[in-house]
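Student: kindly return the folded structure for what I paste below:
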Amino acid sequence: MNKKSVDDIIQELEELVLATGETKDVDYFYFHKDRFRRMANYVEKHYDSAKTVILDIGSHYLHTSIILRKLGFEVDCMDVTEFWSMDFVEKRREEFGINKIVENDLPSLQALSATEEKYDLILFTEILEHITFNPVSFWKKLHKVVKSGGDIYISTPNSLSLPSLVRSVKNIISLRGIGTNVDDILNQITYGHHWKEYSAKELKHYFPSLSDDFKVTINHYNYKNYKQVIKGYPLYSFLAKIGNSTNVFAEELEAIVHVNKGHAWKKDVPSY
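Tutor: Numbering: from 1, shown residues only. Reported below is the predicted structural model:
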């Protein structure tokens, strides 16, 4: 039997999401569909499904994990109780044989306290920008659980995307303020808004500051379908398309953090 392609698997996932009929699940899938495709193609190309164990941190509605399971990978999924308590998420976990990890305190990562050198690949997609706590102990724990020679795959918005730069200048000129706006803070339910988005240069500084074991490769890209998900924002779409035609001003960053253990951990956890 021929192995299914990434595109075929994403089509099957789309059918599952539509059949489930959860509005936020559907909206999230369509917004991130092309990002899922990019991630899956990268993982399929670079890792052997028969030998690779993956940790998906922030597994959400299990879209990413289902794709990887259908590609033959073993996947452990970590998220907070609020997501695991959703009936359709738990049903998906059981159906696709996904290993469940409940973690409500990312800084401590108590759920992985007894885990060492288990994972060949850790996925950390669309989460880095939400971190509001000091992350040193978090990354030190992930350094412990990833195998030497393994990788951490990160996707995160580019702080230097052209729409973000124009919006920031507009807010400064109008004296509206800087950073996350008040309406977003008050009206969105989340464990953390986009408190800090990063540039490629910042990520290349971020990880080597923790350990010389971390080597970072950055790719700029974009995944949003403007006809479908940016309705009513023609200026944003126009600016995004210009920025995405460049490198440094593209909307998204894909960071591959390769972990080659052998150096001392450099950064102490700060105290109050």
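
Student: report how many residues lie close to Ile172.
Tutor: Look at Ile172: counted by other C-beta atoms under 10 Å, it has 11 neighbours. (C-beta placed from N, C-alpha, C; glycine too.)

Student: check Pro157 too.
Tutor: For Pro157, using other C-beta under 10 Å, the count is 16.

Student: all numbers from here: first residue = 30
Tutor: With 30 as the first residue, the last one maps to Pro186.

Student: just confirm it is within a helix.
Tutor: No: going by DSSP: H, G, I helix; E, B strand; the rest coil, the assignment for Pro186 is strand, not a helix.

Student: can you show me the strands along the stretch 130-279 of the chain?
Tutor: 148-154, 175-186, 243-250 (DSSP state E, counting those that start in this stretch).

Student: just checking, what packs against the first one?
Tutor: Read it as strand 148-154. Helices and strands touching strand 148-154, by 3 or more C-beta pairs under 8 Å, 6 or more residues apart in numbering; DSSP states H and E, are helix 52-75, strand 82-86, helix 165-174, strand 175-186.

Student: between that strand and strand 82-86, how many degrees?
Tutor: 20 degrees (axes from the mean of the first three to the mean of the last three C-alpha atoms, to 10 degrees).

Student: run me through the strand neighbours of strand 148-154, direction for each.
Tutor: If you go by DSSP bridges, strand 148-154 pairs up with strand 82-86 (parallel), strand 175-186 (parallel).

Student: ok, the last one next?
Tutor: Here strand 243-250 has these sheet partners by DSSP bridges: strand 281-288 (antiparallel).

Student: as JSON lines, the strands paired with strand 148-154 with distance to Val277 would be great.
Tutor: Shown next, in JSON lines, are these (distance: least, C-beta to C-beta, whole Å):
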{"stretch": "strand 82-86", "distance to Val277": "27"}
{"stretch": "strand 175-186", "distance to Val277": "14"}
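
Student: comparing those strands, which comes out most buried?
Tutor: strand 82-86 (a mean of 23; mean count of other C-beta atoms under 10 Å).

Student: hmm, who's touching that one?
Tutor: 72, 93-94, 97, 102-108, 130, 147-153, 156, 174 (C-beta atoms under 8 Å, 6 or more residues apart in numbering).

Student: pLDDT on it, on average?
Tutor: Mean pLDDT, computed over strand 82-86, is 98.

Student: just want the angle from the next helix or strand after that strand to strand 82-86.
Tutor: Using DSSP states H and E, the next helix or strand after strand 82-86 towards the C-terminus is helix 92-99. On the basis of the same axes, to 10 degrees, helix 92-99 is oriented at 170 degrees to strand 82-86.

Student: can you list the neighbours in contact with helix 92-99?
Tutor: Outside helix 92-99, the residues within contact range by C-beta under 8 Å, 6+ apart are 33, 35, 38-39, 41-42, 45-46, 57-58, 61, 65, 68-69, 72, 83, 85, 88, 104, 106, 121, 125-127, 152, 154.

Student: any idea which residue is closest to the centre of this protein?
Tutor: Thr154 (0.7 Å; C-alpha atoms, centre = their mean).

Student: residues in contact with that residue?
Tutor: Counting by C-beta under 8 Å, 6+ apart, Thr154 has contacts 64, 68, 87, 93, 182-185.

Student: closest to Glu231 out of those residues?
Tutor: Thr185 (10.3 Å; C-beta to C-beta).

Student: ok, the nearest residue in space to that closest one that is not next to it in sequence to Ser188 distance?
Tutor: Spatial nearest neighbour of Thr185, excluding adjacent residues (C-beta to C-beta, 6 or more residues apart in numbering): Leu157 at 4.4 Å. Distance of Leu157 to Ser188, computed by C-beta to C-beta, to the nearest Å: 11 Å.
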